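Novice: Sharing a model that was predicted from the sequence below.
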Amino acid sequence: MAVQGKPKFAFFKGQIVPFEQATVSVMTHAFNYGTGVFGGMRGYWNADEAQLFLFRPFEHFERFNHSAGLIRIKTGFSPEELTHILIDLLRTEGFRENCYIRPLAYKSTEMIGVRLHDVEDEMTMFALPFGSYIDNEEGAHVCFSAWRRVEDNAIPARGKITGAYANSALIKSDAILAGYDEALVLNEDGHVGESSAANIFMVRRGVVITPPTHANVLEGIVRRSIIEIARDDLGLEVVEREIDRSEVYLADELFLCGTGIQVAAVTKVEHRPIGTGMMGSITRQIRDRFFDVVKGRVAKYRHWLTPVYADQAAPAR
Ligand code: PMP
């Protein structure tokens with residue numbers, strides 16, 4: 001993910017402030033105990049329309065509020081209110097480029113003591129310019145992680161809980177430092193879950209298959225969008241079911257999807273090429289359609305996009 005530069009502003013303690021003022025104490029509860037939740041969303045710049053499109057902000061903020069609820073955090077705002085805050089923030093930044101948005105809610109009291117009750121909450125949001133997608137026809141080379149995905153009965157994986165991302169960081173770094181691009185992670189029951197920060201799809205005999213949301217995976221917004229695009233738009237059969245490790249080796253195609261990675265083919269798992277060893281035709285179809293959708297080029301899916309500069313023009317360069 002090509003992040004370029006730093007935010008100039010942040011939404012912090014109820015208002016938009018210069019980014020340098022958005023700081024917290026080292027005694028902050030969430031900093032000590034991982035008691036925060038976050039989101040990750042994209043804005044796509046459409047140069048033809050001079051418009052910045054937010055991809056499914058309502059769904060992102062709804063999940064953000066649900067994640068918060070799991071650990072007794074109240075963000076204090078509805079998804080609609082959070083979308084308005086975000087639009088204000090992006091207009092203040094004046095972005096005319098792709099960007100990445102990070103809402104974060106956290107237990108903010110400066111105190112020692114592990115618990116969720118009787119601790120205050122805060123909410124912040126910032127956004128930064130994000131590089132465009134680098135096309136990689138060769139696809140990613142992944143391994144199976146020796147780590148297991150956090151279980152619903154340990155830390156719910158369907159919530160984006162900051163502390164749980166120590167699990168993702170272990171999965172990711174051990175893969176990268178062993179020479180892979182990413183890792184697939186299994187659940188405690190041995191089925192395929194997801195990667196460190198993306199959902200997984202497999203194609204076998206023309207059927208598009210992804211693990212169900214009760215398989216300790218994040219309820220990904222891109223995952224949900226791809227199921228809809230593949231099924232309703234491309235007319236493909238999509239099945240949500242558990243995936244065995246050995247099925248991955250036998251898959252015709254494999255791809256990862258999520259806000260950060262978008263849609264990326266996986267063409268090799270350890271020493272085993274997947275399918276032809278190149279990006280498959282169904283992955284390419286889904287990826288191309290996804291990029292058309294997020295850029296606002298597909299009328300049918302325009303309702304997934306919220307324009308930032310709807311009633312005012314984008315700032316001039
Ligand atoms: N799984 C994990 C663990 C993630 O962190 C992410 C990124 N948010 C995803 C899947 C993909 O979710 P989304 O499509 O909502 O970005």
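Specialist: Received, thanks.

Novice: Report all helices and strands that the helix or strand harbouring Ile87 contacts.
Specialist: In the assignment (DSSP states H and E), Ile87 maps to helix 79-93. Contacts defined by 3 or more C-beta pairs under 8 Å, 6 or more residues apart in numbering; DSSP states H and E place helix 79-93 against strand 9-12, strand 15-18, strand 51-55, helix 57-70, strand 99-107, strand 121-129. Yep, even glycine has a C-beta here, placed from its N, CA and C like the rest.

Novice: which one of those lies closest to Val239?
Specialist: helix 57-70 (22.2 Å; C-beta to C-beta).

Novice: near the ligand, anything from the closest one?
Specialist: No: remark: helix 57-70 sits outside contact range of the ligand, by C-beta under 6 Å from any ligand atom, the gap being at least 6.9 Å.

Novice: And stretch 203-213, by the same measure?
Specialist: No: judged by C-beta under 6 Å from any ligand atom, stretch 203-213 stays clear of the ligand, getting no closer than 10.6 Å.

Novice: same check, this time on stretch 43-53
Specialist: No: no part of stretch 43-53 sits near the ligand under the criterion C-beta under 6 Å from any ligand atom; the closest distance found is 13.7 Å.

Novice: Residues contacting that stretch, please?
Specialist: Here stretch 43-53 makes contact (C-beta atoms under 8 Å, 6 or more residues apart in numbering) with 54-55, 90, 95-101, 127, 294-296, 305-309, 313-314.

Novice: which among those end up buried?
Specialist: 54-55, 90, 95-101, 127, 294-296, 305-309, 314 (16 or more other C-beta atoms under 10 Å).

Novice: who's Arg268 bridged to?
Specialist: Residue 268: Lys, not Arg. Going by DSSP bridges, Lys268 is paired in beta bridges with His141, Pro273.

Novice: Surely it and Gly179 touch.
Specialist: No: counting by C-beta atoms under 8 Å, Lys268 stays clear of Gly179, with 11.6 Å between them.

Novice: What values do phi and psi take at Arg42?
Specialist: When quoted as degrees, to the nearest 10, the phi and psi of Arg42 stand at phi -120, psi 150.

Novice: From Ile101, how far off is it?
Specialist: 7 Å (C-beta to C-beta, to the nearest Å).

Novice: Tell me the residues that contact both of those two, please.
Specialist: Common neighbours of Arg42 and Ile101 (C-beta under 8 Å, 6+ apart) are Leu54.

Novice: Enumerate every residue touching Glu240.
Specialist: 209-213, 227.

Novice: ok, now which ones touch the residue nearest to Arg205 when sequence neighbours are not counted?
Specialist: Distances taken as C-beta to C-beta, 6 or more residues apart in numbering put Asp252 closest to Arg205, at 7.1 Å, once the chain neighbours are dropped. Contacts for Asp252 (C-beta under 8 Å, 6+ apart) come out as 203-205, 274-275, 280.

Novice: Quick check on those residues: which are buried?
Specialist: Buried among those (16+ other C-beta under 10 Å): 203-204, 274-275, 280.

Novice: Strands - which of the residues you listed land there?
Specialist: Residues of the buried ones among the contacts of Asp252 located in strands (DSSP state E): 203-204.

Novice: Below-threshold pLDDT in the chain: ranges please.
Specialist: 1-4, 132-137 (pLDDT under 70).

Novice: now the residue nearest to Arg205: how far from the ligand?
Specialist: Note on Asp252: its distance to the ligand, by C-beta to the nearest ligand atom, to the nearest Å, is 23 Å.

Novice: what's the answer for Pro7, then?
Specialist: 19 Å.

Novice: So that residue is in contact with Thr124, correct?
Specialist: No: with contact defined as C-beta under 8 Å, Pro7 does not reach Thr124; the gap is 10.7 Å.

Novice: Can you name the residues that contact the spatially most central residue of the chain?
Specialist: With distances taken as C-alpha atoms, centre = their mean, the residue of the chain nearest its centroid is Thr259 (3.8 Å). The contact partners of Thr259, by C-beta under 8 Å, 6+ apart, come to 40-42, 55, 100, 221-222.

Novice: got the phi/psi numbers for it?
Specialist: phi -60, psi -40.

Novice: interface residues of the stretch 1-150 of the chain facing the ligand?
Specialist: Proximity of the stretch 1-150 of the chain to the ligand, by C-beta under 6 Å from any ligand atom, involves residues Gly40.

Novice: Among the helices and strands packed on helix 79-93, which comes closest to Asn32?
Specialist: Of all the helices and strands packed on helix 79-93, it is strand 99-107 that lies closest to Asn32, at 9.2 Å by C-beta to C-beta.
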